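Chemist: Sequence and computational prediction follow.
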Amino acid sequence: MSAMNLVVVGAAGRMGRTLIRTIAETPGAHLSAAIERAGSPDLGKDAGELAGIGANGILIGDDPLPAFAKADGVLDFTTPSSSVEFSGYAAQARIVHVIGTTGCSAEDDARIAAAARHATIVKSGNMSLGVNLLAALVEQAARALPAEDFDIEILEMHHRHKVDAPSGTALLLGQAAAGGREIDLDANSVRVRDGHTGARETGAIGFATLRGGSVVGEHSVILAGAGERITLAHQADERAIFARGAVKAALWANGRKPGLYSMRDVLGLG
Ligand SMILES: NC(=O)C1=CN([C@@H]2O[C@H](COP(=O)(O)OP(=O)(O)OC[C@H]3O[C@@H](n4cnc5c(N)ncnc54)[C@H](OP(=O)(O)O)[C@@H]3O)[C@@H](O)[C@H]2O)C=CC1
Ligand SMILES: O=C(O)C1=N[C@H](C(=O)O)C[C@H](O)C1
């Protein structure tokens, strides 16, 4: 069987470069194009050189449509508005679209879901095996521990360049906790605390965000009871864990029927 032809959009970004390295070391995956924004200073550069693996002959371009038309799938860690646009192109081309982009609004997600009528989309706030296993454990713990006795707080820290908060992973873990408790996350989450907040509401799921330095990604879910506390945590040491998950998702989705899938589907975690 021939290798899956993959386009990396946002190819010069932190994740884009990591994806180019990961594709090069994954059997069955082939980089067919690398795309950046019009006007990017990286246009025309060799994608392999940019990613630090030596020239591969794929030059960074700015026209996604012809690249998508010749590809089997797209790996996309860019921005919410760009991912919405790319999902429309992936639908036109009837190909796989793996979306790692975080910070999407409900409207963005609705447009991506509409594109999934014709594209095979895998979208997740975190593509790593470890975080998706953690989410399954959080769901189990939240189901087992009564909301009256155990308060759930989610703490995350990322590098100084991150633009969205709470992180996609924190929200994914919040969804897992809310799922375990059979409650709606939006109606029960506390995203910010400042000033005289009053006492904590029973059943709320709290979020706290730290930003600084080069931290790749750290998440803790704390279940705090009277006299005891459980902490379920994940630490990302390198971006390759996300890139490996994204390439795995693309290979899994190749040949599957159009629809919107999650990393828990890809990893068989239910
Ligand atoms: N789900 C997961 O496992 C993970 C998700 N992420 C998420 O991925 C996203 C990207 O993160 P990161 O790589 O650190 O960010 P970067 O800013 O380093 O990279 C994003 C790249 O995408 C480019 N880009 C944006 N829009 C377009 C477009 N329309 N066409 C082509 N290129 C475009 C940007 O160009 P320019 O700078 O010119 O705008 C930039 O080079 C974030 O939302 C982050 O939260 C990150 C890691 C893991
Ligand atoms: O922006 C990042 O870097 C990351 N973003 C994702 C998120 O928002 O959770 C995943 C990972 O933690 C790194």
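Modeler: Ah, there it is. Ligands and ions are numbered 1, 2, ... in the order given.
Chemist: and the helix or strand containing Arg17, average pLDDT?
Modeler: Element membership of Arg17, judged by DSSP states H and E, is helix 14-24. Throughout helix 14-24, pLDDT has a mean value of 98.
Chemist: tell me how far that helix is from the chain's mean position?
Modeler: Relative to its chain's centre, helix 14-24 lies at 15 Å (C-alpha atoms, centre = their mean, to the nearest Å).
Chemist: what element comes up after it heading to the C-terminus?
Modeler: Counting by DSSP H and E, the element after helix 14-24 in chain order, helix or strand, is strand 29-35.
Chemist: Over that following strand, what's the mean pLDDT, rounded is fine.
Modeler: The average pLDDT within strand 29-35 is 98.
Chemist: likewise stretch 110-117?
Modeler: Stretch 110-117 comes out at a mean pLDDT of 98.
Chemist: Run through who's touching that stretch.
Modeler: For stretch 110-117, contacts defined as C-beta atoms under 8 Å, 6 or more residues apart in numbering pick out 83-84, 87-88, 90-91, 97, 99, 104, 121, 123, 258-260. Where you see a C-beta, it was placed from the backbone N, CA and C, and this is true even at glycine.
Chemist: Now that we have those, can you turn them into CSV and tack on neighbour count, pLDDT and secondary structure?
Modeler: Supplementary listing: the contacts of stretch 110-117 in CSV, determined by neighbours: other C-beta atoms under 10 Å; pLDDT from 0 to 100; DSSP: H, G, I helix; E, B strand; the rest coil:
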residue, neighbour count, pLDDT, secondary structure
Ser83, 29, 98, helix
Val84, 21, 98, helix
Ser87, 26, 98, helix
Gly88, 16, 98, helix
Ala90, 30, 98, helix
Ala91, 21, 98, helix
His97, 31, 99, strand
Ile99, 30, 99, strand
Cys104, 22, 98, coil
Ile121, 28, 98, strand
Lys123, 25, 98, strand
Pro258, 19, 98, coil
Gly259, 15, 98, strand
Leu260, 20, 98, strand
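Chemist: Identify, from those, the entry nearest to ligand 2.
Modeler: Cys104 (10.6 Å; C-beta to the nearest ligand atom).
Chemist: Report the contact partners of that closest one.
Modeler: Residues near Cys104 by C-beta under 8 Å, 6+ apart: 80, 83-84, 112.
Chemist: in which helix or strand would I find the residue lying closest to Leu269 once chain neighbours are set aside?
Modeler: Of all residues not flanking Leu269 in the chain, Ala136 sits nearest, at 5.0 Å (C-beta to C-beta, 6 or more residues apart in numbering). Element membership of Ala136 [criterion: DSSP H and E] is helix 129-144.
Chemist: any idea which helix or strand comes after that helix?
Modeler: Using DSSP H and E, the next helix or strand after helix 129-144 towards the C-terminus is strand 151-158.
Chemist: Please save the CA atoms from that following strand in CSV.
Modeler: This file holds the C-alpha atoms of strand 151-158, laid out as CSV (Å, rounded to 0.1, in the frame of the first residue of the first chain):
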residue,chain,number,x,y,z
ASP,A,151,-14.3,19.5,44.7
ILE,A,152,-12.7,19.4,41.3
GLU,A,153,-10.0,21.9,40.3
ILE,A,154,-8.0,21.9,37.1
LEU,A,155,-4.6,23.6,37.0
GLU,A,156,-2.5,24.1,33.8
MET,A,157,0.8,25.7,32.9
HIS,A,158,2.1,26.5,29.4
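Chemist: Wondering if it reaches ligand 2 at all.
Modeler: Yes. Counting by C-beta under 6 Å from any ligand atom, ligand 2 has neighbours in strand 151-158: His158.
Chemist: Taking helix 129-144 as reference, get the angle to that strand.
Modeler: Interaxial angle, strand 151-158 versus helix 129-144 (axes from the mean of the first three to the mean of the last three C-alpha atoms, to 10 degrees): 160 degrees.
Chemist: elements contacting the following helix or strand past strand 151-158?
Modeler: Next along the chain after strand 151-158, taking DSSP H and E as the criterion, comes helix 168-181. Under the contact definition 3 or more C-beta pairs under 8 Å, 6 or more residues apart in numbering; DSSP states H and E, helix 168-181 sits against helix 129-144, strand 151-158, helix 185-188, strand 205-211, strand 217-224.
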